[in-house]
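J.: Provided below for reference: sequence and predicted model.
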Amino acid sequence: MNKNLFAAFLLFFTHLLLAQTKVSGIVLDENNKPVGYANVAFKGTSEGIITNEDGRFYLESDKNRKILSVSFVGYTSQEITLDKAVTYNMKVVLLTGEELNEVKIFSGKTSKKNNPAIDILRKIWARKRKNGLRQFDQYQMEKYEKVEFDMNTIDSAFMKNRIFKGMEFIFKSVDTSKITGKTYLPIFINEALSNVYGDNVRKKVKEVLVANKNSGFNTNQQLIGFVKDLYSEYDIYDNYLKFFDKAFTSPLSRTGIDVYNYVLADSAFIDKKWCYNIVYYPRRKNELTFKGDFWVNDTTWAIKDINMEVSKSANINWVKEIYIEQQFDVLNDSVFLLTRDYLMTDFALNKKEKSRGVYGKRTTLFRNHKFDLEKPSDFYKEEVNYVDDAVYTKPDAFWEENRFENLNKDEVGVYKMLDTLQTNKKFRRLYSLVEILGSGYIQKGHFDYGPIFSTFGYNEVEGLRLRTGGRTYFTQNDPWRIQGYVAYGFKDDKFKYGLSGRWLLNRKNRFILSGGNRRDIEQIGASLTTTNDILGRSFASSALFTSGSNGKLTNINLSSVALEIEPVKNLTLQLGFSYRTLESASPTFSLAYYTDLTQQHIKSDITQSEMNFQIDYTPGRKTTGYGVERHIVDSPFPRVFVNYSQGLKGVLNSDFDYEKIQLYYKQPLNMGGIGRLDAIIELGKTYSYIPLGLMSIVPGNQTYFSIENTFNLLDFYEFEADSYATLQLQHNFGGRIFSRIPFLRKLNWRETVGFKGVYGTISDKNRIINQPSGLVYNAPEDFYWEYNAGIGNIFKVFKIEFSWRGSYITPQSNNFGVKGSFGFYF
């Protein structure tokens, strides 16, 4: 994949006919070493770029340019006459020598003192809250957004690959990137028109979609949602810019002087405004930083133009390049407004220069700004399940009239090419394979078989376990869905099953009726905060590999019915009723208990009816779809979950009457330059006495993998409680420490540290009635805690975590452990 040459010559004659100027090459010093972050521009224009860390550059203009200017601090500037419209593989050598007359030269790492560039930066900080939209109480504007995905580095060998046999027509749409000079093939395009309203007083923003058009994977709302989440909104004036769940230090950040070198490089009139040009580049490698330049006005200290490119050494996976351009127009003498935002990402398996990948490009335009037109507070209330099918069916004539800028000939051809590709049988087979790997389901007509990744399992009671199942599936937005499974254990020679259904009764407020039944074997106590999810099954119940005995399993027969509603965006209320029977699934494990405190009668099985009320609040959560099942876009968001349960003694021969309250709170905290912290708190209490099968079990982890909300060094049933409080802290530094250690820097490993603790008690009544089980009841009354340190991003997908027990240490306890986890990490 990464051994193919560039194919820029494919469109060589086309470039000449269009009279464009294109130039690429490398900038070297006298010792033939690359000069990174050198300024390359067409003389007399603001069209320029910064070389990458290897000194390479590519620059393109729609106009006929004759002179290329190359400069860098500490070197004599070079001006090269361009004899041809297209010049590739140019070699530019910079010599050390004369100082520039206009500004003082800073070589290598620039000084933080007596630096005019930093003096200007401080003035930007002082004015940044008074620039742009921030200086108005309210604002509104029209927005046009175009997102495109393209395969890049297309050469003849790639085109002749057998996988494209029968699809050769797609290569008629090959074009060349104006940023990198690489050839690319469009595979997806999405356009959206919307109206944006903001209130700086209330700190509210609302975006109303007016029209949406796409081609390629137009029916895959998960993909579209994923694309939109990749390109979340950002403000260059903020200290940190979030891309792919990582905090990059903005070149305009107040902490920028600690991570960037700044050089005042030029000054000129732009749109009749005198502006300064500042070049910036990272002080150290492997940090989440940019390189580039910006033009800033000399009176308002507002940004006029800015270019940002993520440094190649930045510790981020699957992304070779991120390039950003923003242009601001002058509304009047004091107001600069963002009118154009261009962001391009080069996704690739590695960062080698010739490796193939996929471009993700987003172009956003703004126009028709209006200010200080106040809207009522209800206007900004988010709709729970907004659906307007008309926005997706606008005719071509509408788009031709309302687009902010016309599509170029290649973009127009994309719609036709991609629509044709959808009818190609070979492409459909390849696309189906990708869908299977992504969703875990194999679609056959209106039925999906799966999830295929749950086919095999193992535990000491069932031995090898095989599972098969599926779900109804007509469209992504089905108003109802039924799913189920059948499983068989070869050791216990028993069949198990589960069946559930969900019906969306009211789409506007997501009023849903659900119900089902499951008869299976379960590891009770795999998590403290519980729900009545019919088809939910913990990893601990059937992990193929475990580090200890997992024979303390329970036969469960669970039936439930529930009504839920979402009255406010991301606030879900649910009222449910459940009926379950529990009994031990293993002769070596007992759930026996006294039926009451008189200790006269013993039972080994539990029958329990229960009413429960749940509140689930997830502010900031993003979803796609509007059917009975929605898909959560992978973005961290806080969650508050409250569950109140009432045991109903006597109802359907139920055994116990009790009250239980549980609270779960998770808060991801972006710590800027030092990574991200995830904090989790769980609280719970049960009123009255209950048997072991209904008690809160502190969740252990006897697998070889790290599992959130479990304790790495605890076995199953090592601690029990009827009142508990837990705290979990997990911090990912994102490679900030390793990036400063020379021999670790190139590995791009990421360091993590964590803490988990639990306090709990067991009442005397619960100790009494559970005596027949024979289990020694231990509550973490002296506070159990453990801590961990890990190394992530090993081979980009693996993390290893080392854990140490901090309390309840005995010769028999598990005092140290090593666990791993796999994941797709940016």
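T.: Sure thing, it's come through.
J.: neighbours of S432, how many?
T.: 12 (other Cβ atoms under 10 Å). C-betas here are computed from N, CA, C, even on glycine.
J.: tell me who's in contact with it.
T.: Q443 (Cβ atoms under 8 Å, 6 or more residues apart in numbering).
J.: which SS state does it fall under?
T.: Under the three-state scheme (DSSP: H, G, I helix; E, B strand; the rest coil), S432 adopts helix.
J.: now the helices: where do they sit in the stretch 251-400 of the chain?
T.: 256-259, 396-402 (DSSP state H, counting those that start in this stretch).
J.: can I get those helices in CSV including mean pLDDT and mean neighbour count?
T.: Converted to CSV, those look like this (pLDDT from 0 to 100; neighbours: other Cβ atoms under 10 Å):
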stretch, mean pLDDT, mean neighbour count
helix 256-259, 88, 18
helix 396-402, 90, 11
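J.: for S645, find the nearest of these.
T.: Nearest to S645 among the helices of the stretch 251-400 of the chain is helix 256-259 (50.7 Å), distances taken as Cβ to Cβ.
J.: so what secondary structure elements neighbour that closest one?
T.: If you count contacts as 3 or more Cβ pairs under 8 Å, 6 or more residues apart in numbering; DSSP states H and E, helix 256-259 packs onto helix 116-127.
J.: CA atoms only: put the helix it packs on into CSV for me.
T.: Taking Å, rounded to 0.1, in the frame of the first residue of the first chain, the C-alpha atoms of helix 116-127 are listed here in CSV:
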residue,chain,number,x,y,z
PRO,A,116,7.4,41.5,18.4
ALA,A,117,5.3,38.5,17.4
ILE,A,118,4.5,37.7,21.0
ASP,A,119,3.8,41.3,21.7
ILE,A,120,1.2,41.2,18.9
LEU,A,121,-0.1,37.9,20.4
ARG,A,122,-0.7,39.5,23.7
LYS,A,123,-2.8,42.2,22.0
ILE,A,124,-4.9,39.4,20.4
TRP,A,125,-5.5,37.8,23.8
ALA,A,126,-6.7,41.2,25.2
ARG,A,127,-9.2,41.7,22.4
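J.: from the rest of the structure, what touches it?
T.: 103-104, 110, 112, 252, 254, 256-257, 262-264, 276, 278, 280, 296, 300-303.
J.: still on that earlier bit, now the helices of the stretch 251-400 of the chain in TSV, with distance to I50?
T.: Output for the helices of the stretch 251-400 of the chain, formatted as TSV (distance: least, Cβ to Cβ, whole Å):
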stretch	distance to I50
helix 256-259	16
helix 396-402	35
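J.: these: which one's closest to A592?
T.: Comparing those by Cβ to Cβ, helix 256-259 comes nearest, at 62.9 Å.
J.: and the contacts of the closest one?
T.: 112, 118, 121, 249-250, 262, 280, 282-284, 287, 289, 673.
J.: give me the buried entries from those.
T.: I118, L121, T249, S250, Y262, Y280, P282, R283, E287, T289, G673 (16 or more other Cβ atoms under 10 Å).
J.: which of those fall in strands?
T.: T249, Y262, Y280, P282 (DSSP state E).
J.: and of the residues you listed, the nearest to T468?
T.: When those are compared against T468 (criterion: Cβ to Cβ), the nearest one is T249, at 50.2 Å.
J.: look up the closest residue to the closest one, ignoring the ones flanking it.
T.: V259 (5.1 Å; Cβ to Cβ, 6 or more residues apart in numbering).
J.: do you know how far the one you found is from Y280?
T.: Note on V259: its distance to Y280, by Cβ to Cβ, to the nearest Å, is 10 Å.
J.: and M141, by the same measure?
T.: Applying Cβ to Cβ to M141 and Y280 gives a distance of 29 Å.
J.: need the helices for the stretch 601-750 of the chain, in chain order.
T.: Going by DSSP H, counting those that start in this stretch, the stretch 601-750 of the chain shows helices at 742-745.
J.: shaky segments in it?
T.: 634-635 (pLDDT under 70).
J.: tell me the buried residues in the longest strand along the chain?
T.: Ranked by number of residues, the top strand in the chain under DSSP E is strand 183-199. If you call a residue buried by 16+ other Cβ under 10 Å, then strand 183-199 has these buried ones: 183-194, 196-199.
J.: which one is P772 nearest to, not counting chain neighbours?
T.: A592 is the one closest to P772 (Cβ to Cβ, 6+ apart), at 3.9 Å.
J.: quick check, that neighbour in contact with L775.
T.: No - here A592 does not reach L775: they are 9.6 Å apart, not a contact under Cβ atoms under 8 Å.
J.: from Y415, how far off is I606?
T.: Counting by Cβ to Cβ - I606 and Y415 are separated by 61 Å.
J.: ok, now A247?
T.: In terms of Cβ to Cβ, A247 sits 36 Å off from Y415.
J.: also T618?
T.: Taking Cβ to Cβ, one finds T618 at 36 Å from Y415.
J.: do the same with L343
T.: 22 Å.
J.: cool, T339 as well?
T.: Applying Cβ to Cβ to T339 and Y415 gives a distance of 26 Å.
J.: can you show me the strands along the stretch 651-800 of the chain?
T.: 659-670, 676-687, 696-697, 720-721, 723-732, 750-761, 784-794, 798-805 (DSSP state E, counting those that start in this stretch).
J.: got those as TSV, with distance to G55 columns?
T.: Output for these, formatted as TSV (distance: least, Cβ to Cβ, whole Å):
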stretch	distance to G55
strand 659-670	34
strand 676-687	33
strand 696-697	60
strand 720-721	62
strand 723-732	33
strand 750-761	28
strand 784-794	27
strand 798-805	33
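J.: any chance of these in CSV, plus distance to F822 and mean neighbour count?
T.: CSV is the format used below for the strands of the stretch 651-800 of the chain (distance: least, Cβ to Cβ, whole Å; neighbours: other Cβ atoms under 10 Å):
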stretch, distance to F822, mean neighbour count
strand 659-670, 21, 17
strand 676-687, 18, 18
strand 696-697, 27, 24
strand 720-721, 31, 25
strand 723-732, 16, 20
strand 750-761, 14, 19
strand 784-794, 10, 20
strand 798-805, 6, 18
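J.: out of those, nearest to F826?
T.: Of the strands of the stretch 651-800 of the chain, the one closest to F826 (Cβ to Cβ) turns out to be strand 784-794, at 9.8 Å.
J.: could you name the helices and strands sitting against that closest one?
T.: Looks like strand 784-794 contacts strand 750-761, strand 798-805 (3+ Cβ pairs under 8 Å, 6+ apart).
J.: what's the angle from it to strand 798-805?
T.: 160 degrees (axes from the mean of the first three to the mean of the last three Cα atoms, to 10 degrees).
J.: the inter-axis angle of strand 784-794 versus strand 750-761?
T.: 160 degrees.
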